[in-house]
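Novice: Sequence and predicted model, in that order:
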Amino acid sequence: MRAGAVGLALAALAVSACASSPASVSYRPAPAILRMPPVDYGPPGDARNPPQGPFQPNAFLRACPGMRVSNAPALDADRWLTDFKPVIVAFGVILASSPVNDVCLSSGFGLRDGRMHNGIDLTSRPPGIVYSGGPGRVVEAKNSSGYGLNVVLDHGNGVYTRYAHLDYFAPGITPGVAIGFGQPVGQMGATGNAQAAHLHYEILSGNIDTIKGSFGLTPHDPLAFPPYEGALQAGY
Ligand SMILES: [Zn+2]
């Protein structure tokens, strides 16, 4: 997979994590926000290879400057992640570990202030388009307390991704539809328990049941899976 543009192009930013205090930091000017294209479902009846979207993963990811990023992985002196893998393999499923462009990491995965943070927080200004981390099928698209407007995709193999705090859903995102890699899922926002716009991204495993839905799934650190290339070499 071809890596997209390298580096950050973010506007003046009040970064926030799900439950952290915003901090004022400066960025280079950001480009005008992109118009969100509708999802292209392709020919009906075959969801094995739904059309891929316009998303190209960034090759590098940086911890948001000027703020304490809880659970941050190893960083270099300029706060770039030293072991960022833009495309990973999660239980046999190829996924983007950061399905948004020109973002910084505002919170990592794991215990944070005594509470479990089940995903990673990714922030850009202006808030960007959120894309599907891999091909799959929409299983949830609803407003939940805490997560706000959130979408859950089923990627097969018992692997799911969640996109939370969206401002709105992309056109056509509704349970049951198939979606390709890198298709728009929604617009980064601050719905639910969020102090400012960011994407809360989860990679989950298990089986959705009718009682708990996606809340019964097990979360994993999106930044801790093996890279696609390395996994291939290792024979996964
Ligand atoms: Zn979060």
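Specialist: Everything's here; your move. Numbering: from 1, shown residues only.

Novice: How many neighbouring residues does residue 221 have?
Specialist: Other residues near residue 221 come to 18 when the count uses other Cβ atoms under 10 Å. (Glycine included, C-beta is placed from N, CA and C.)

Novice: Distance of it relative to the ion?
Specialist: Applying Cβ to the ion, to the nearest Å, the value for residue 221 to the ion is 12 Å.

Novice: residue contacts, the residue nearest to that residue when sequence neighbours are not counted?
Specialist: Spatial nearest neighbour of residue 221, excluding adjacent residues (Cβ to Cβ, 6 or more residues apart in numbering): residue 109 at 3.8 Å. Residues near residue 109 by Cβ atoms under 8 Å, 6 or more residues apart in numbering: 71, 117, 118, 119, 120, 219, 220, 221, 222, 223, 224.

Novice: quick one, phi/psi of residue 109?
Specialist: With angles defined as degrees, to the nearest 10, residue 109 sits at phi -90, psi 140.

Novice: quick one: low-confidence parts of this protein?
Specialist: Scanning the chain for pLDDT under 70 picks out the ranges 1-48, 230-236.

Novice: ranges for the helices of it?
Specialist: Taking DSSP state H as the criterion, the chain contains helices spanning 228-234.

Novice: before we move on, back to that, and the contacts of residue 109, which are buried?
Specialist: Burial by neighbour count, judged by 16 or more other Cβ atoms under 10 Å, picks out 71, 117, 118, 119, 120, 219, 220, 221, 222, 223, 224 from the contacts of residue 109.

Novice: Take these and write them to a markdown table, including distance to residue 138.
Specialist: Shown next, in a markdown table, are these (distance: Cβ to Cβ, whole Å):
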| residue | distance to residue 138 |
| --- | --- |
| 71 | 28 |
| 117 | 24 |
| 118 | 20 |
| 119 | 18 |
| 120 | 21 |
| 219 | 19 |
| 220 | 20 |
| 221 | 24 |
| 222 | 19 |
| 223 | 24 |
| 224 | 25 |
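
Novice: Tell me the one among these nearest to residue 133.
Specialist: Closest approach between the buried ones among the contacts of residue 109 and residue 133, by Cβ to Cβ: residue 222, at 8.1 Å.

Novice: how much space between the closest one and residue 49?
Specialist: For residue 222, the distance to residue 49 equals 24 Å [Cβ to Cβ, to the nearest Å].

Novice: do residue 228 as well
Specialist: Distance from residue 228 to residue 49, by Cβ to Cβ: 18 Å.

Novice: How about residue 175?
Specialist: According to Cβ to Cβ, residue 175 stands 21 Å off from residue 49.

Novice: same thing with residue 115?
Specialist: Distance of residue 115 to residue 49, given as Cβ to Cβ: 40 Å.
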